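**Student:** here is my input; please provide its structure:
(chains A, B, C and D)
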Number of protein chains: 2
Amino acid sequence: MSSSATPRERLLEAAGDLFYRDGVHIGVDALCKAAGVSKKSMYQLFRSKDELIAESLASRGPSFQATLQPGPDDRSPRERILEVFERQDNLVADGNYLGCPYVATSVELKDPEHPGSVVARHFKQQLTDFFHRELVKAGAEDPGMLAIQLTIAFDGASVRAVVRAQSLGGIGVLTAGALLDAAGVRAGELAGHLN
Amino acid sequence: MSSSATPRERLLEAAGDLFYRDGVHIGVDALCKAAGVSKKSMYQLFRSKDELIAESLASRGPSFQATLQPGPDDRSPRERILEVFERQDNLVADGNYLGCPYVATSVELKDPEHPGSVVARHFKQQLTDFFHRELVKAGAEDPGMLAIQLTIAFDGASVRAVVRAQSLGGIGVLTAGALLDAAGVRAGELAGHLN
DNA sequence: TTAACAGTAAACCGATCGGTTTCTTTCTTC
DNA sequence: GAAGAAAGAAACCGATCGGTTTACTGTTAA
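**Tutor:** Below you'll find the model as predicted:
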């Protein structure tokens, strides 16, 4: 039950929800009310609203990662990469999708030195790193470059879902597939199978 | 000189600048002060701040289009498409790039029915339409799909520039090129030259 | 000359902003 | 049961929010 969680946990959860749903400009009063925590407690637990923004983003990192990235299995790197885009497609299709929380926060904050922007940059890099690991396994020629291209496809698809306010209908998966095709990363292929 | 422009023009210009630089949550007082227009005049010229957001976005549409899309020339569709990504690369490299104004506004507003979001959706479609026209000229197999993929690459590259707060270094051009490669749209090729 | 108009400056409205403070309740731990 | 810490409720701070109103200043046109 949520009221049994500590004030800190309740604040982080409410902040994650409300900053995502309404944007980081939502007021501290509304946030504390939603969390069932007094402002006094909030300002004892966090130095400022800005710090709460950053910490709430950071606390959701592992959960977002688990949502998007498949755990270890024996599928090919290409399949595991495309799985990320399929999961994104499902997230969008489920409704209430308002874009990648890290991107949204970065865009709203404007300042790249804001603690929230720093956290966002860090977690965005983790998705690129996942792509990179898989591409190395696949023996891709330029895994660094291709991992960035896939991240671009991911964020571009996310933006499309937000701007058009509709489902992606597999266009993200297709775009990622096209990028993998262009780089010669084929299905079922592992580095050891080459040559 | 800007003070010789009409109050309406001054408001639209200041709104375009400040909503982009600081976000749409900037106050009406600061905006009117920057425009050198009284709040009374503003509320006579625009029904609400929300309408001003939408109108300022719309008034900048043609200028943004001219900045990104090449005019008629005799280069190949592929070259003209890649030109868009080169111009985006230059925009980012010039500094003070805070992402596509339409995407930023959509993300900040959250509500897809907000008049600003409607305008943003409309102008984003115009970029996709440009890609589509060029791809038809090039005789691409599925110009509608590919035009969307290119728009995804464009917005993904834009997001990357914002989140990482650094130049793109040609990654957008390369990503678009890879998508065109995967679809078989080659340099110097026009529909009439096929077969 | 004067009446109408367009525009600015600034006060004003209730509400909310981020943040602090005071007071009270609740819970733990002897 | 008493002492002490933790945390909630709510008042409070100056500033700002979107929006309205009043009062004054130019310009224009009859």
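
**Student:** following whichever helix or strand residue A:162 is part of, which helix or strand shows up next?
**Tutor:** Under the criterion of DSSP states H and E, residue A:162 resides in helix A:143-164. Remark: after helix A:143-164, the chain's next helix or strand is helix A:171-182, criterion DSSP H and E.

**Student:** please report how far the closest residue to residue A:26 other than its chain neighbours lies from DNA strand D.
**Tutor:** Nearest residue to residue A:26, sequence neighbours excluded (C-beta to C-beta, 6 or more residues apart in numbering or on different chains): residue A:18, at 5.2 Å. Any C-beta I mention is one placed from the backbone N, CA and C, and that applies to glycine too. According to C-beta to the nearest atom of the strand, to the nearest Å, residue A:18 and DNA strand D sit 16 Å apart.

**Student:** for residue A:11, give its distance to DNA strand D.
**Tutor:** Noted for residue A:11: a distance of 9 Å to DNA strand D, by C-beta to the nearest atom of the strand.

**Student:** residue of chain A nearest DNA strand C, please.
**Tutor:** In chain A, the residue that lies nearest DNA strand C is residue A:27 (2.0 Å; C-beta to the nearest atom of the strand).

**Student:** ok, back up a step: assign a three-state SS to the residue nearest to residue A:26, would you?
**Tutor:** Secondary structure assignment for residue A:18 (DSSP: H, G, I helix; E, B strand; the rest coil): helix.

**Student:** residue B:121 is in contact with residue A:164, correct?
**Tutor:** Yes: at 6.3 Å, residue A:164 counts as touching residue B:121 under the criterion of C-beta atoms under 8 Å.

**Student:** which residues of chain A lie near DNA strand D?
**Tutor:** By C-beta under 7 Å from any atom of the strand, the residues of chain A that approach DNA strand D are A:6, A:7, A:10, A:36, A:37, A:38, A:39, A:40, A:41, A:44.

**Student:** just how off-centre is the helix holding residue A:162 within its chain?
**Tutor:** Relative to the centre of its chain, helix A:143-164 is centred 11 Å away, using C-alpha atoms, centre = their mean, to the nearest Å.

**Student:** equivalent analysis for stretch A:113-124, please.
**Tutor:** That offset, for stretch A:113-124, works out to 12 Å (C-alpha atoms, centre = their mean).
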